[in-house]
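Asks: Sequence and predicted model, in that order:
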Amino acid sequence: MTELPEYTLVRSRRRTLALEITPSGQVIARAPLKMSRARIQAFVLEKAGWIRAHLARVRRQNQLAAQAGKLTAEDIQALRKGAEPGIRERVHLFAKALGVTYGKITLRSQRTRWGSCSAGGNLSFNCLLALAPPEVVDYVVVHELCHRKQMNHSPAFWREVAVALPDYPARREWLKMNGPTLLARLPDE
Ligand SMILES: [Zn+2]
């Protein structure tokens, strides 16, 4: 019989039940206020295999990050300075190719995202992109610029990304697989 994985239950005014694994390896079940505990447990049990696999990956990534070492504030500052000119250049280039405009470009260290695009067209990029391959940086740049056409992740948005970078799925996959290892190198708060 499968053992019930350890998890923390968080109830809120939501409609559906969802599992989440935090970067530190905590399993959180998010459930509607009145859902029975039996139903929640059955769900967690059903997902036990997925939880174990995901936890193993998170732990491995944290281990790798620990080996690679935490970055200091100075390291991050240096990464930011180093990455900024290249990212500006790529934004300029791809914006022209896509026929879109943009506002300010900011680089910061962020724990959860690689880039963002505001409604007004200001772009922000994670300075840890300095540690990612150039083709992955291009993917993040194109992704954010395509939000100038589609402020969502609809099929129409992904079609725009695919026009600029037909092989974007592989680049996105790299970020999915290796991104957490990079993010884990940020100093603890
Ligand atoms: Zn997006």
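Replies: Noted; the coordinates are in hand. Numbering: from 1, shown residues only.
Asks: where does residue 116 land in three-state SS?
Replies: At residue 116 the chain is in strand, as set by DSSP: H, G, I helix; E, B strand; the rest coil.
Asks: List the contacts of the spatially closest residue to it that is not a sequence neighbour.
Replies: By the measure of CB to CB, 6 or more residues apart in numbering, the closest residue to residue 116 outside its immediate chain neighbours is residue 124, 4.8 Å from it. Where C-beta positions appear, they are placed from N, C-alpha and C, glycine not excepted. Residue 124 makes contact with 105, 106, 107, 108, 110, 115, 116, 117, 118, according to CB atoms under 8 Å, 6 or more residues apart in numbering.
Asks: So residue 124, which state does it fall into?
Replies: On the basis of three-state DSSP, residue 124 is classed as strand.
Asks: give me the beta-bridge partners of it?
Replies: Note on residue 124: beta-bridge partners residue 106, residue 116, judged by DSSP bridges.
Asks: still on that earlier bit, of the contacts of residue 124, buried ones?
Replies: 105, 107, 110, 115, 116, 117 (16 or more other CB atoms under 10 Å).
Asks: Between the residues you listed, which sits nearest residue 156?
Replies: Of all the buried ones among the contacts of residue 124, residue 117 has the smallest distance to residue 156: 15.6 Å, by CB to CB.
Asks: Over to the residue nearest to the spatial centre of the chain: give its phi and psi.
Replies: Geometric centre of the chain, nearest residue: residue 113, 4.6 Å, by CA atoms, centre = their mean. Main-chain dihedrals, residue 113, degrees, to the nearest 10: phi -140, psi 160.
Asks: Which residue ranges make up the domains of this structure?
Replies: The chain resolves into domains spanning 8-68, 73-183 when parsed by automatic domain parsing.
Asks: and which of the contacts of residue 124 is nearest residue 167?
Replies: residue 115 (18.5 Å).
Asks: quick one: that closest one from residue 8, how far?
Replies: 30 Å (CB to CB, to the nearest Å).
Asks: Kindly report the same for residue 94.
Replies: Residue 94 is 41 Å from residue 8, by CB to CB.
Asks: Which SSE is immediately downstream of the helix or strand bottoming out on mean pLDDT in the chain?
Replies: One helix or strand of the chain scores below all others by mean pLDDT, DSSP states H and E: helix 48-68, with a mean of 84. Later in the chain than helix 48-68, the nearest helix or strand by DSSP states H and E is helix 73-98.
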